[in-house]
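> Output the structure for:
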Amino acid sequence: MKLLIVAVGQRVPDWAQTAWDDYAKRFPPELKIELKAVKTEPRSSKTYETLVAAERQRIEAAIPRGTRIVVLDERGTALRTQGLATRLKEWQLGGGDVALVIGGPDGLEPAFREAAHERIRLSDLTLPHAMARVLLIEQLYRAWSVNANHPYHRE
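Reported below is the predicted structural model:
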């Protein structure tokens, strides 16, 4: 199974890239993780609808057909670590790949967000996009470690 993280925005601070790389190398071969950064639509004088529609096209182009789509959304389901571990196990048993989508500065197009298979949230707080990437990969690693009975997670 592959976890594909699709994130709007191409530049992140060095600390965020270092943290991403550190967690990415920890995943086992049977659970591959990949990041696809898609270009943010220039914010000039475009309408909200135009911006998020352009980003939606880029997001959809980055996700292979048949992939389960899970969007990160402030209105999504709140999960504790054990809940994410259960969700990860379900995704793995389902056999297909999963794309977790982090929207751009203006979020995700509402129709795309509603059409996703699942909507989850990382926090009740507003997070910078670089932080959201790091938090997501860390929590996915922690969920894997729970399922593998790895001592990384202590409750």
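
> and Leu136, what is it in contact with?
The contact partners of Leu136, taken as C-beta atoms under 8 Å, 6 or more residues apart in numbering, are Ile5, Leu72, Leu100, Ile102, Leu122. (Glycine included, C-beta is placed from N, CA and C.)

> how many neighbours does the third one have?
In other words, Leu100. By other C-beta atoms under 10 Å, the residues close to Leu100 number 22.

> Spit out the contact partners of it.
Counting by C-beta under 8 Å, 6+ apart, Leu100 has contacts Leu3, Leu4, Ile5, Val6, Val70, Val71, Leu72, Leu136, Leu140.

> shaky segments in this protein?
Residue ranges of the chain with pLDDT under 70: 152-155.

> count of neighbours near Ile69?
Applying other C-beta under 10 Å, we find 20 residues neighbouring Ile69.

> Which strand or helix spans it?
strand 68-78 (DSSP states H and E).

> hang on, the earlier thing: save the contacts of Leu136 as CSV, and put in distance to Ile33 and secondary structure too.
What follows is these, written out as CSV (distance: C-beta to C-beta, whole Å; DSSP: H, G, I helix; E, B strand; the rest coil):
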residue, distance to Ile33, secondary structure
Ile5, 7, strand
Leu72, 15, strand
Leu100, 10, strand
Ile102, 14, strand
Leu122, 16, coil
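
> Most widely separated two among those?
Spanning the widest gap among those are Ile5 and Leu122, at 12.1 Å by C-beta to C-beta.

> And the two? Which one has more around it.
Taking neighbours as other C-beta under 10 Å, Ile5 and Leu122 compare with Ile5 leading, 22 against 19.

> where does His117 fall, phi/psi-wise?
For His117, the backbone dihedrals (degrees, to the nearest 10) come out as phi -70, psi -40.

> Verify the stated contact: it with Ile63.
No. Using C-beta atoms under 8 Å, His117 is not in contact with Ile63; the gap is 11.5 Å.

> what is in contact with these two at once?
Common neighbours of His117 and Ile63, using C-beta under 8 Å, 6+ apart, are Ile69.
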